[in-house]
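**Q** model the following, please.
(one chain, ligands or ions: 1)
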Amino acid sequence: MDIDDLARRILSGERRALARAITLVESRRDDHRAQTVALFEALKGHDREALRVGLSGTPGVGKSTFIEAFGLMLTGQGLKVAVLAVDPSSARSGGSILGDKTRMEQLSRDPDAFIRPSPAQSQLGGVARRTREAIGLCEAAGFDIVLIETVGVGQSETVVAEMSDLFLLLLAPAGGDELQGVKRGIMEIADLILINKADGDLKTTATRTCADYAGALRLLRKRPQDPAGFPKALTVSAREETGLQGAWEEMQNLAQWRRDHGHFAARRAAQARFWFESELRQSLLSRLDREPMKGLVQSLGTAVENGTRTPSQAADEVLAQLEGRAAAPT
Ligand code: GDP
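**A** Numbering: from 1, shown residues only. Predicted structure coming up:
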């Protein structure tokens, strides 16, 4: 594969080249990893920056309907929109919540949009790295907004929040009791809570739910990196396409405020550091699952069971092997 040519085509915004490059970063083959490194080297130096927007919500809350309507609104304003997914269900079982049905049909036909389902990987960590690299490729290809969608289960929101400039939580209208169902941690990472389905019979409930969440958000601790009034709760209807422009304006205001106050770049820098550390940890751990370490760990495990090694002696032997030094005498 001609990596320089691929890089050139990505930079000129060719969607086929972008799709091909994402396939490359999703591959686990060693030669593909090396090509990915070369590709990012070849792409270095462009100064394109997309707004990275994370979006989470439980199945059925209206994520695909929202992304379709919101994405079409943005492309209608002359913006280029990429949609990536982080789907922990596909990581675990091979089946996916986000990829099964035909989603976002109109948006997927829009020449200014690019939609990519979640990579099937065995670990959320692997999905995270590939999604992060895919975001970088979408930026290089000149996309203005990258939406990173995830379902509200497990750790995936935190993972997505760590790769986003802004994080949106989509919720359905519900009775007051269900407010408790949203974990505090998720509320804390949300910049905007959007109560969807504020239309027809659900409109009144949506307005009340929105007020409940606005109240709950006021009780969270103040964020020094944000202007007054954030995080905010708003009502939208993805189906009737109402409230979408208002939500977009809030996102732009927040992003601009953070840019003006240096928080935008600081957040990206902190994220880069976080990913460096988590990738390092993950790579170290994965070495234990590969030969020759795997066999050593197995046999030392047996030795610990037999009582011929203590747990700490055995652990030191493994570390010594990794570090290429002699183990402490047993
Ligand atoms: P996802 O699983 O989060 O992607 O949710 P979908 O976008 O597939 O929507 C789930 C269901 O909610 C579908 O039947 C949609 O038609 C419906 N829905 C989505 N957005 C709205 C909305 O704004 N108003 C109403 N009334 N229904 C909606």
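
**Q** and this protein, which residues reach the ligand?
**A** Within the chain, the residues that sit near the ligand (CB under 6 Å from any ligand atom) are 57, 59-65, 196-197, 199-200, 202, 237-239. For glycine as for every other residue, the C-beta is placed from the backbone atoms N, C-alpha and C.

**Q** restricted to strands, list those residues.
**A** Applying DSSP state E to the residues of the chain next to the ligand, the entries found in strands are residue 57.

**Q** now for the residues of the chain next to the ligand: which two are most distant?
**A** Using CB to CB, those span at most 21.0 Å, a distance reached by 59 and 200.

**Q** one step back: out of the residues of the chain next to the ligand, who's the most crowded?
**A** residue 63 (27 neighbours; other CB atoms under 10 Å).

**Q** ok, now how distant is that residue from residue 30?
**A** Residue 63 sits 35 Å away from residue 30, taking CB to CB, to the nearest Å as the criterion.

**Q** quick one: residues contacting residue 311.
**A** residue 304 (CB atoms under 8 Å, 6 or more residues apart in numbering).

**Q** can you give me the strands in the stretch 201-330 of the chain?
**A** Ranges of strands in the stretch 201-330 of the chain, per DSSP state E, counting those that start in this stretch, are 232-235.

**Q** any stretches of it with poor pLDDT?
**A** Across the stretch 201-330 of the chain, the ranges flagged by pLDDT under 70 are 330.

**Q** in it, which residue sits nearest the ligand?
**A** In the stretch 201-330 of the chain, no residue comes nearer to the ligand than residue 239, which is 3.5 Å away by CB to the nearest ligand atom.

**Q** got the phi/psi numbers for that residue?
**A** Dihedral angles of residue 239 (phi, psi; degrees, to the nearest 10) stand at phi -70, psi -50.

**Q** pretty sure it is touching residue 65, no?
**A** Yes: counting by CB atoms under 8 Å, residue 239 touches residue 65, with 6.1 Å between them.

**Q** elements contacting the longest helix along the chain?
**A** Counting by DSSP state H, the longest helix found in the chain is helix 263-288. Packing partners of helix 263-288 (3 or more CB pairs under 8 Å, 6 or more residues apart in numbering; DSSP states H and E): helix 124-140, helix 244-260, helix 293-306, helix 311-323.

**Q** in what helix or strand does the most centrally placed residue in the chain lie?
**A** The residue lying closest to the centre of the chain (CA atoms, centre = their mean) is residue 160, at 2.8 Å. Residue 160 belongs to helix 156-161 when assigned by DSSP states H and E.

**Q** what comes into contact with that helix?
**A** 54-56, 86-88, 124, 127-128, 131, 148, 150, 167, 185-186, 189.

**Q** same check on stretch 110-121?
**A** Residues from elsewhere that reach stretch 110-121 (CB under 8 Å, 6+ apart): 15, 18-19, 22, 26, 71-72, 75, 79-87, 90-91, 94, 96, 98-99, 104, 107-108, 126-127, 130-131, 134, 138, 141, 143.

**Q** buried stuff in it?
**A** For stretch 110-121, burial by neighbour count (16 or more other CB atoms under 10 Å) applies to 110, 112, 113, 114, 115, 116, 117, 118, 119, 120, 121.

**Q** try stretch 266-273
**A** When burial is assessed from 16+ other CB under 10 Å, stretch 266-273 yields the following buried residues: 267, 271.

**Q** likewise stretch 37-52?
**A** With burial defined by 16+ other CB under 10 Å, the residues of stretch 37-52 counted as buried are 39, 40, 42, 43, 50, 51, 52.

**Q** mind listing the strands for the stretch 51-200 of the chain?
**A** Counting by DSSP E, counting those that start in this stretch, the stretch 51-200 of the chain has strands at residues 51-57, 81-86, 113-116, 145-151, 166-171, 192-195.
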